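**Student:** How does the following fold in three dimensions:
(one chain, ligands or ions: 1)
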Amino acid sequence: MNFYKRMSEQAGLLLKQNILLVSHTEENTELLGPYRRFVIWVHGCCFDCEGCLAENTKNGAYTEMSVAELAERILSCDVEGITISGGEPFLQAEALSELIVKIRRVRDTGVIIYSGFTQEELQENTACRKLLNMTDILIDGRYIKELDDGRAYIGSSNQRLHYLSERYKTVGQEYYAAPKRRAEIKFTKDKVTLIGVPSGRVLDIWKKVKEKSGGIISDF
Ligand code: SF4
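**Tutor:** Next up is the predicted model:
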């Protein structure tokens, strides 16, 4: 059984060609990488990290979006790049590679990916290597609650930040050396969203907001 079938079956995903399973998107934030970014939280993950802050990307609602539709939405936004998180982005490596090719045909766009796989694990698979080759920054590794050291933009100390191109090497030094975490709780008409890697204080507020909502509010 190949990698995709194995890992996506483990995550309960039914993947289709040119279709992305998307839990949530955010059109303009600076909380998940330098400059203004379009953020995609893909649906589905094959891991089970204790303390995962993205449970809803695994068990919650999601939308099937065509690569073309999502590319069009991204290109309609005034952003420097995209950040892909989840869930586990590399379970949808083929469709994400197609997305990046489509966007970059029109506009030079930076790509940052958060993955639960390590870079070494990703190098073992052809489709993952292809997506890695299009990635400017990779933040890799499972989230380990006991190793959560409060570092800005990164969940736990085992996770590594890899500059895979020159694109963010200079601006990234300052951005990722920020002294504390930044995250926001965003209220819109029909949902409440937690964006960014939260500090313990923001996380407590977020938990209280969810408790008080009696289950109406969820992460996405
Ligand atoms: S890899 Fe990320 S989304 Fe998946 S279980 Fe771990 S923390 Fe959650």
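**Student:** Now the residue sitting nearest the centre point of the chain: phi and psi?
**Tutor:** Taking C-alpha atoms, centre = their mean, the centroid of the chain lies closest to S85, which sits 0.7 Å from it. According to degrees, to the nearest 10, the main-chain angles of S85 amount to phi -130, psi -160.
**Student:** what residues are up against it?
**Tutor:** With contacts defined as C-beta atoms under 8 Å, 6 or more residues apart in numbering, the neighbours of S85 are 32, 39-42, 54, 113-114. All C-beta spots, glycine's among them, are computed from the backbone N, C-alpha and C.
**Student:** hmm, 10 Å instead?
**Tutor:** The neighbours of S85, taking C-beta atoms under 10 Å, 6 or more residues apart in numbering as the test, are 23-24, 26, 32-33, 39-42, 54, 57, 112-115, 139, 197.
**Student:** got it, and R167?
**Tutor:** Contacts were defined as C-beta under 10 Å, 6+ apart; by that measure R167 touches 34, 80-81, 108-112, 135-137.
**Student:** Could you look up the SS state of it?
**Tutor:** When classified by DSSP: H, G, I helix; E, B strand; the rest coil, R167 comes out as coil.
**Student:** mind checking pLDDT for it?
**Tutor:** In this model, R167 is scored at 98, pLDDT.
**Student:** That one and T63, how far apart?
**Tutor:** R167 sits 29 Å away from T63 when distances are taken as C-beta to C-beta, to the nearest Å.
**Student:** just R104 next, same as before
**Tutor:** Using C-beta to C-beta, R104 is found at 23 Å from T63.
**Student:** Around the ligand, which positions in the protein sit nearby?
**Tutor:** When proximity is defined by C-beta under 6 Å from any ligand atom, the chain lies next to the ligand at 45, 47-49, 52, 54, 57, 86-88, 116, 142-143.
**Student:** Apply 5 Å and report the result again.
**Tutor:** Counting by C-beta under 5 Å from any ligand atom, the residues of the chain lying close to the ligand are 45, 47, 49, 52, 54, 116, 143.
**Student:** where's the dip in pLDDT among the residues you listed?
**Tutor:** Scoring the residues of the chain next to the ligand by pLDDT puts A54 last, at 89.
**Student:** Surely that one is in contact with D48?
**Tutor:** No. Counting by C-beta atoms under 10 Å, A54 stays clear of D48, with 11.8 Å between them.
**Student:** More neighbours: the two, which one.
**Tutor:** Neighbours of A54 and D48, each counted by other C-beta atoms under 10 Å, are more numerous for A54; the result is 24 against 10.
**Student:** dump the residue contacts of that one.
**Tutor:** A54 is in contact with 23-24, 41-42, 45, 60, 85-88, 114, 116, 143, 155, 194, 219-220, counting by C-beta under 10 Å, 6+ apart.
**Student:** hmm, back to that, with secondary structure added, can I get the residues of the chain next to the ligand in TSV?
**Tutor:** As requested, the residues of the chain next to the ligand are exported to TSV (three-state DSSP):
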residue	secondary structure
C45	coil
F47	coil
C49	coil
C52	coil
A54	coil
G116	coil
Y143	coil
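**Student:** Brilliant, that's me finished.
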